[in-house]
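S.K.: using only what follows, build the 3D model:
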Amino acid sequence: MAHGILLNKYEAEIDYNAINRDYDVFQISGNSEQYKKTNILDFPEAEFKALSVQYLFGKTAFVLFRKGDISETEFRAVMQERFEDVCVKRVDVADQQACKDSYLYDNALLQLLANSVKVPKNKLFTYNNTTGKLYYLTPRWKKANNFYSIEIKFEKDSIIALSVRSFRKKDKKDKSAVFVFDPVTGELRKKLSRDNDLTEYVMRGNPKKKNTVDFLRFNSKDEFYHSKLGILLRFLSDFEEEFGDYVSIRLKETENTCNYEIPKDKKPQEIYDCYGKLLGNRVNIVDEVKSPESEELIKKICNELKQYYSIQADVGALSPDMSNIRLIHDPEYYKTNNIADEHNTIPDGVVVQHLMIEQTMHLKPSTAKDKPSVDIRKIVQELIIKRDILNREISVFDWNSLGYENDVVFICREEIKNEDDEQDGKKKKEKQYIYKLLSVSPQGELTFRSFDTREWLNETDSNIVSVYEDHCNRYARYPNTIEGLIVLDGDKYYAIVRTVCTTMPNIKAIADSLEQKEFSKEVLFDAVSAFIEERPEYQEYAQRFAEKIKAGGSLTYEYANICLDLQHNRNAGRALNRFIYENYGIRINPEIKSQDFDEEYLLKNIYNIRYYTEKTWDGNSVLVYFVGPKRSNLKTSVHNACVIRKIYSDNTMIEPKSIFPLMTVEFVRNEQYTVIPFPFKYLREYH
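M.R.: The predicted structure follows:
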């Protein structure tokens, strides 16, 4: 059965009458500045009766109670005692117009319900929901002075968003909302007035180290449920258990999609040889650090450049005639020591790639026989791009092969930030931008220019601003954003819009495949005998498998997987693995990455390039696409979600074959495709 793409969008069927029958929702609004900095339920009459809180924009919040736990009159009285000018009213959930007038839209109602979900029975995670938000937290993410969590949020446009939120201990300078772990329940909540001697936290991360949670991990059940998609599946299950009688939620799926056929890759060494030639097989290394560590790092760099790229590296001063690798300190070092930052001392017309010793001191030599280390690959790719920009010509990509008859123009913009424009009590000034343009000729020649909207604009630039603003207003309202414009044939404008929508595989099927039922050696021996009768061509392999199982100690799935050894026994191992599952219900290896199970696990939703078309509200055709990791590079973990992007135009829809070749390049993102055409990288580097 063919499938489209599963998305982080949901469809909800809500029984408003049932919710209104069993629960009370109160809206709190007013002029108080205290709402988001304190626990608004910090009083005995309501603190332990309220199921959840949901904060909206401004100074509005909703509170959920079970029907009859507190009356509207009682609630209003205690709230008005604490806050000045506060308004409290009960919202009739069964009255859709009343909900709309109170800003209790479906996503806000769902969030209010979700915020009341109890701690799951397996206690792998705790739900911390008296903060006005829904956080998932696991002991693995708790440290001595800080912790992080996943916030689950029902956004507008039916999006379920999962975001990492970091917390650290509060210090004297912190003025934001204060959180504590309840000494009785262990829940994270906003601080109450009576809380004493509890460790206080604020929502702040470490600027030097960003906390991350992988989008997907499927190497084990435990790792899966510590990834964002595992957390999402757990939440949806718990939400259904809690509110299944009131709400039905299912993830949306697009129509069938097309797979962009990507030309076969060159052999890695062919690519490295080509890159070496583009740099003239010579680079210059400049050591501004001059320490034993920098000397050792230079040796590592020289060895890999010579081994894989046939590049001879000299060590000396900056050279305008060569590509330069420059070892310097990080910005913090220069700031602390009150000396000029070497980042800002690059002479014009010199190709320089900086390496900060604090970040590269522990650069490890490549462990693979056929490829250099990730750091070296990135250095070489950056040098090639910067040399192309200096020479005003694309050399790393065969631009002529695209068959463009006219210049292709790439446009992006950057808002001009000016502190003087922030005027207290006055109307905000109109935003101003720097527009940056790169024109690529049919032969791959580069022309850069920019203009400032604070200056006088000619007709051409005024038209660019008009088109950009028009597409923003029609197709890229918050939270969607325009990442740039492409201009073909001089007057055909195409806007690339990044949405908040992401793709996902069949997480239920993945979770089911990672469940492990108990089994014994005797069952496996019986399975092997039956397998040999059916597939005698694999008898020798099957007998070796049985011997390994017999020789081992206690039987685990991990050990059985080692015995299968699918990496070195692809055909025989898969045949035995699938036979045991189909006939005995034991899935030793779920083979999640196998293309044979693409329709079961839908991993195709998160790799390579896939696309489809749709119509806009005003009748234009739109090319919708996502870019994932290369299938050949797919591991048992995927760090980032694949973001849905859309290419809008008032002209005919852009042809996939004219745009996707500009993304199937590997010299921008290390051995991965780019999510927007690679010339935008040149545009950012130039400016």
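
S.K.: outside of stretch 555-572, which residues touch it?
M.R.: Counting by C-beta atoms under 8 Å, 6 or more residues apart in numbering, stretch 555-572 makes contact with 516, 519-521, 524, 538, 541-542, 545, 548-549, 552, 573-574, 576-577, 588-589, 591, all of which sit outside it. Just so you know, the C-beta spots here come from the backbone N, C-alpha and C atoms, and that holds for glycine as well.

S.K.: list the buried residues in stretch 401-418.
M.R.: In terms of neighbour count (16 or more other C-beta atoms under 10 Å), stretch 401-418 has its buried residues at Leu402, Tyr404, Asp407, Val408, Val409, Phe410, Ile411, Cys412, Arg413.

S.K.: so where does the last one fall, helix or strand?
M.R.: When elements are defined using DSSP states H and E, Arg413 is found to belong to strand 408-415.

S.K.: got the angle between the next helix or strand after that strand and strand 408-415?
M.R.: Note on strand 408-415: by DSSP H and E, the next helix or strand toward the C-terminus is strand 433-440. Computed by axes from the mean of the first three to the mean of the last three C-alpha atoms, to 10 degrees, the angle separating strand 433-440 from strand 408-415 equals 160 degrees.

S.K.: gap between the two ends of stretch 530-542?
M.R.: Stretch 530-542 has its terminal residues 10 Å apart, counting by C-alpha to C-alpha, to the nearest Å.

S.K.: pLDDT of it, averaged?
M.R.: When pLDDT is averaged over stretch 530-542, the result is 95.

S.K.: ok, and what's touching that stretch?
M.R.: Taking C-beta under 8 Å, 6+ apart as the rule, stretch 530-542 contacts Val528, Gln543, Asn569, Asn571, Ala572, Gly573, Ala575, Leu576, Phe579, Ile580, Asn583.

S.K.: neighbours of the fifth one, just the number please.
M.R.: Residues within reach of Ala572, counting by other C-beta atoms under 10 Å, total 22.

S.K.: work out for me the element it sits within.
M.R.: With secondary structure defined by DSSP H and E, Ala572 is part of helix 570-584.

S.K.: buried residues in that helix?
M.R.: For helix 570-584, using 16+ other C-beta under 10 Å, the buried residues are Ala572, Gly573, Arg574, Ala575, Leu576, Asn577, Arg578, Phe579, Ile580, Tyr581.

S.K.: and for stretch 182-192?
M.R.: Neighbour-count burial for stretch 182-192 flags Glu187, Leu188, Arg189, Lys190, Lys191, Leu192 (criterion: 16+ other C-beta under 10 Å).

S.K.: tell me where the stretch 151-300 of the chain has strands.
M.R.: In the stretch 151-300 of the chain, strands defined by DSSP state E, counting those that start in this stretch lie at 159-169, 179-181, 188-190, 201-202, 216-217, 247-256, 258-259, 282-287, listed in chain order.

S.K.: counting by contacts, list what the fourth one packs against.
M.R.: Okay, so that is strand 201-202. In terms of contacts (3 or more C-beta pairs under 8 Å, 6 or more residues apart in numbering; DSSP states H and E), strand 201-202 is packed against strand 159-169, strand 179-181.

S.K.: next one: the longest one
M.R.: Of the remaining helices and strands, those touching strand 159-169 by 3+ C-beta pairs under 8 Å, 6+ apart are strand 4-14, strand 146-155, strand 201-202, helix 228-243, strand 492-504.

S.K.: what's near enough to touch Glu72?
M.R.: When contacts are counted by C-beta under 8 Å, 6+ apart, Glu72 is found next to Asp24, Phe26, Val88, Lys89, Arg90.

S.K.: repeat that for Asn219.
M.R.: Thr636, Ser637.

S.K.: for it, give its distance to Asn561.
M.R.: As defined by C-beta to C-beta, to the nearest Å, Asn219 lies at a distance of 10 Å from Asn561.

S.K.: closest one to Leu488 out of the buried residues of stretch 401-418, please.
M.R.: Using C-beta to C-beta, Val408 is the member of the buried residues of stretch 401-418 that sits closest to Leu488, with 6.1 Å.

S.K.: if that closest one is in a bridge, with which residues?
M.R.: In this entry, Val408 is beta-bridged to Val440, by DSSP bridges.

S.K.: and the next element down the chain from the helix holding Ala572?
M.R.: Using DSSP H and E, the helix or strand that follows helix 570-584 in sequence is helix 598-601.

S.K.: next structured bit after that next one?
M.R.: Beyond helix 598-601 in the direction of the C-terminus, DSSP H and E gives the next helix or strand as strand 609-615.

S.K.: packing partners for that following strand?
M.R.: Applying 3+ C-beta pairs under 8 Å, 6+ apart, one finds that strand 609-615 contacts strand 4-14, strand 247-256, strand 258-259, strand 621-627.

S.K.: and the helix or strand containing Asp375, what's buried?
M.R.: For Asp375, the host element (DSSP H and E) is helix 374-391. Neighbour counts using 16+ other C-beta under 10 Å place 375-390 of helix 374-391 among the buried residues.
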